[in-house]
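[1] all I have is the shape, not the residue letters:
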C-alpha cells in the first residue's frame, strides 16, 4: 500500500548536523505521510536519533528545513515544537519517576495559561476545578485502555521497563499531538507487550495522530508501518513499503544484510 | 512565656519562611542553590538602608531613607527578586546539577565580598544597625509587649506564606516545577518551557528569602557580614531534608527540629552533667558543636531516610469502582 497523496505530516529537507568532523545527519530529506505509521530504520550511527533531536528542537541543525503543518520548525525550542503538536519520545523511557502514573498522564497535557504562577495561587474557580476533573477522568480512561488503571497511584519510577513504555504511550494519548515520533519504543519490551504497543500505535492513528517510529525490531516495523524510510550514514537511501525494501540491494547492504538471507 | 521562648519562636517562624522559599528552588524545581542565603541578606540589608535614616560619618551606606517598615519590606523583596532574576538567568540557562551549584556559590560569594568589602554599599564589615522595634510606636508598645507583637507578626506571616505555598504546591504550576525536577527533557517534550519555568520558581524562592531577610533584620535590628555567611544555608538545607523535601508540612517540621530544637540544644549542653566545662574550653566550642550536630543529623538522614520525615505526598486517586473495568483473565 502506498502513501496517500495528502499533505505530509512532516517534511524534512536537506537536514545536516555535524559534530566535529563527523556528519551525523548529512542532507537528510524525507516526507512522512499524514494519517499512517512511518518507520525510520537504519544501522546504528545512521543518524536516526540525531535526526529526531533536530526535528524536535533538542539539537540545532547546521542547515536544512523541517516543515510541520506548513511551518518551519528549525530553530524553535523543544517546548514550542511540542505545543505545535509534534511530540517525541526518547530511547529510554523518560517518565517523571517521583510522580504517580496518573500524574504522569495528567501532566502530559500542557495547557496554556493554567500553569502560570498566579493561577496556582488564585485558581479556585469552578471552571478550573471542572477542567481538572475532566482531565483526571480522561487520564483514568486512558490508563484503563493501557491496562494501567490499577497502578495509577504508584510512583512511575517503581514500574517495570515495559510498564514505563506504556505510561509513555498513555501520556501521548493524553497530549493528543498531530504527530508523534517514537524513538525505539520496543527497546527491552517483551513480545506480548509488543503486540499491545502495536495496537496502541493503531490507536494513535485512529485518534488522528500520525506516527513516525524508529525501531530496530524489523518484525515490529513490518507489523505496524505502511511506509518505511531507510537511513544510512546520515542520509535517506531508500523508502517505500517494507515488503519492497527487503529486496532492495542498497538496503540489504546497509542494514538488513544477514536477516534477509535467512 | 519566657522572653527566651518568645525570641526562639520568632526566629523559628522567620526560619520557616526561609526554608519554604528554599523548598521552591530545591524541593520542587530540584536545583541545589547555594546563593540562597544571599537573597536573605539582600532582603535584610535593603530593609535596613530603607528605614534607619541617613548615614552618620564615619558610617557609609546607600539610600539611608526613613520609609515605613512595611514599604521597606516590599522594596526589599523586590530587590531580592531582582538579584535572584540576574543570578537565575545566568545560572539556570544551561547549567544543572553541580555546575549550577558552583555558579550560585560564586554568585553568593560575590554578594558576600561586596557587602563586606565595598564600604559605601552597606558600610562594609561594620554593617548596619538601628532598626529598633519597627511599627512598635504605631501601637505604642513597650519593649516587652513588642516582643509578643513581633512573635505574633512572625507567626501570622509564616502562616500566610505557608498557605500561599500550600496553594502553589497543589497547583499546575507546582506540578510543572516537579516535572522539571523529575525529568526536564520529558517536561520540554511535553510543552514546558524549562528555562522560564525554572526562573519563575527561582525568583519566587529568592523573593521569599528576601522577605524572611526583611523580618530577620527587624528581629536582629542589625545586619552585618558576621551575622551571616553563605554556609548558613546548610542549616536551611538540613531543615528541608530532615522534614521532607517538597512537602511543606515536612519543611515546617524540619525547621522546628533543625532550626529550633537542634539550633538551641547546644545552648543547654553545658547543663548536661560532665559537659559543664565545655564552654570554658574555647569560646567557640558551642558554636562548633552546633555544626557538628547538624552535620551528623544530615549524614544520618541521607543514609537512612533521604526522603525526610514527611516525604512529599502524591495525589492519591480515590478508587471509585466506576472506573475499574472488569479484568479479563
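    Nice, thanks for sending it over. Predicted model, so just to flag it, every value in this text is computed and none were measured.

[2] what about residue B:292, which SS state?
    The three-state label given to residue B:292 by DSSP: H, G, I helix; E, B strand; the rest coil is helix.

[3] how near is it to chain A?
    32 Å (CB to the nearest CB, to the nearest Å). Every residue, glycine included, has its C-beta placed from N, CA and C.

[4] residues near that residue, how many?
    10 (other CB atoms under 10 Å in any protein chain shown).

[5] then residue A:150?
    14.

[6] ditto for residue B:138
    Neighbour tally, residue B:138, other CB under 10 Å: 9.

[7] and it, what's its pLDDT?
    Per-residue pLDDT puts residue B:138 at 87.

[8] measure it to residue A:9 for me?
    Residue B:138 is 67 Å from residue A:9, where distance means CB to CB, to the nearest Å.

[9] residue B:179 now?
    Separation of residue B:179 from residue A:9 (CB to CB): 27 Å.

[10] so those two - more neighbours on which side?
    It is residue B:179, of residue B:179 and residue A:9, that has more neighbours when counted by other CB under 10 Å, with 27 against 24.

[11] chain center to the host helix or strand of the more buried one, what's the gap?
    Taking DSSP states H and E as the criterion, the element that holds residue B:179 is helix B:172-182. Averaging C-alpha positions (CA atoms, centre = their mean, to the nearest Å) puts helix B:172-182 21 Å from its chain's average.

[12] pLDDT on it, on average?
    For helix B:172-182, the mean confidence score works out to 94.

[13] and that helix, what other elements does it pack with?
    Here helix B:172-182 touches helix A:117-122, helix B:184-189, helix B:194-220, going by 3 or more CB pairs under 8 Å, 6 or more residues apart in numbering or on different chains; DSSP states H and E.

[14] quick check: residue A:79 touching residue B:193?
    Yes: Residue A:79 lies in contact with residue B:193 (CB atoms under 8 Å); the separation is 4.7 Å.

[15] how about the strands in the stretch 1-150 of chain A?
    Under the criterion DSSP state E, counting those that start in this stretch, strands of the stretch 1-150 of chain A are mapped to A:10-19, A:22-32, A:37-41, A:63-68, A:71-72, A:86-88.

[16] is it possible to get a markdown table of the ones you listed that adds mean neighbour count, mean pLDDT and distance to chain B?
    Converted to a markdown table, the strands of the stretch 1-150 of chain A look like this (neighbours: other CB atoms under 10 Å in any protein chain shown; pLDDT from 0 to 100; distance: least, CB to the nearest CB, whole Å):
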| stretch | mean neighbour count | mean pLDDT | distance to chain B |
| --- | --- | --- | --- |
| strand A:10-19 | 18 | 94 | 16 |
| strand A:22-32 | 20 | 94 | 18 |
| strand A:37-41 | 26 | 95 | 17 |
| strand A:63-68 | 18 | 95 | 15 |
| strand A:71-72 | 12 | 92 | 16 |
| strand A:86-88 | 26 | 96 | 6 |
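
[17] mind putting these in TSV, distance to residue B:290 included?
    What follows is these, written out as TSV (distance: least, CB to CB, whole Å):
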stretch	distance to residue B:290
strand A:10-19	51
strand A:22-32	54
strand A:37-41	60
strand A:63-68	58
strand A:71-72	60
strand A:86-88	50
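
[18] tell me who's in contact with residue 19.
    Just going to use chain A. Contact analysis of residue A:19 by CB atoms under 8 Å, 6 or more residues apart in numbering or on different chains lists nothing.

[19] looking at chain B here, not the other one
    Residues near residue B:19 by CB under 8 Å, 6+ apart: B:236, B:239-240, B:243, B:251-252, B:254-255, B:259.

[20] change it to 10 Å
    Taking CB atoms under 10 Å, 6 or more residues apart in numbering or on different chains as the contact definition, residue B:19 lies against B:26-27, B:36, B:208-209, B:212, B:235-240, B:243, B:248, B:250-252, B:254-255, B:258-259.

[21] measure it to residue B:306 for me?
    17 Å.

[22] how about residue A:73?
    Separation of residue A:73 from residue B:306 (CB to CB) stands at 41 Å.

[23] the two: which is more packed in?
    residue A:73 (21 against 10).

[24] just confirm residue B:296 is within a strand.
    No: with three-state DSSP as the criterion, residue B:296 is assigned helix and is not in a strand.

[25] list the contacts of the closest residue to residue B:228 other than its chain neighbours.
    Spatial nearest neighbour of residue B:228, chain neighbours left out: residue B:41 (5.2 Å); criterion: CB to CB, 6 or more residues apart in numbering or on different chains. By CB under 10 Å, 6+ apart, the residues touching residue B:41 are B:80, B:83, B:108, B:111-112, B:115, B:122, B:209-210, B:213, B:216-217, B:223-225, B:227-230, B:232.

[26] quick one: which of those sit in helices?
    Taking DSSP state H as the definition of helices, the contacts of residue B:41 contribute B:80, B:83, B:108, B:111-112, B:115, B:122, B:209-210, B:213, B:216-217.

[27] quick one: which of these is most hemmed in?
    Greatest neighbour count in these, by other CB under 10 Å, goes to residue B:209: 37 neighbours.

[28] roughly how far does it sit from residue B:19?
    The gap separating residue B:209 from residue B:19 is 10 Å, by CB to CB.

[29] residue A:236 now?
    55 Å.

[30] can you list the residues of the stretch 101-250 of chain B near chain A?
    Residues of the stretch 101-250 of chain B lying near chain A by CB under 10 Å from any CB of the partner chain: B:163-197, B:200-201, B:203-204, B:246.

[31] ok, of these, which come out buried?
    Buried by 16 or more other CB atoms under 10 Å in any protein chain shown: B:164-165, B:167-169, B:171-184, B:186-195, B:197, B:200-201, B:203-204, B:246, out of those.

[32] now do the same for the residue nearest to residue B:228: its pLDDT.
    Note on residue B:41: pLDDT of 97.

[33] spit out the contact partners of residue A:38.
    Here residue A:38 is in contact with A:3, A:8-10, A:30-32, A:179, A:181, A:210-214, A:224-229, A:239 (CB under 10 Å, 6+ apart).

[34] of the residues you listed, which belong to helices?
    Among the contacts of residue A:38, DSSP H puts residue A:224 in helices.

[35] what's the spacing between the closest residue to chain A within the stretch 1-150 of chain B and residue B:235?
    Chain A sits closest to residue B:30 of the stretch 1-150 of chain B, with a gap of 9.6 Å, by CB to the nearest CB. If you measure residue B:30 against residue B:235 using CB to CB, the figure is 20 Å.

[36] with residue A:181 instead?
    From residue A:181 to residue B:235 the distance is 47 Å (CB to CB).

[37] and if you look at residue B:57?
    Per CB to CB, residue B:57 is found 36 Å from residue B:235.

[38] the residue most central in space within chain A: what's it in contact with?
    By CA atoms, centre = their mean, the mean C-alpha position of chain A lies nearest to residue A:181, the distance being 2.2 Å. Residue A:181 sits next to A:10, A:32, A:38, A:40, A:51-52, A:55-56, A:86-89, A:210-214, B:189 when contact means CB under 10 Å, 6+ apart.

[39] again, only using 6 Å
    Contact analysis of residue A:181 by CB atoms under 6 Å, 6 or more residues apart in numbering or on different chains lists A:52, A:88, A:212.

[40] domain boundaries for chain B, per the record?
    B:3-228, B:230-312 (automatic domain parsing).

[41] just the ones of the contacts of residue B:19 in strands?
    Of the contacts of residue B:19, none are assigned to strands by DSSP state E.

[42] flag every residue of chain A that's near chain B.
    For chain A, the contact set with chain B under CB under 6 Å from any CB of the partner chain comprises A:78-79, A:82-83, A:88, A:94, A:96-98, A:100, A:102, A:107-108, A:110, A:114-115, A:117, A:120-121, A:140, A:144, A:152-153.
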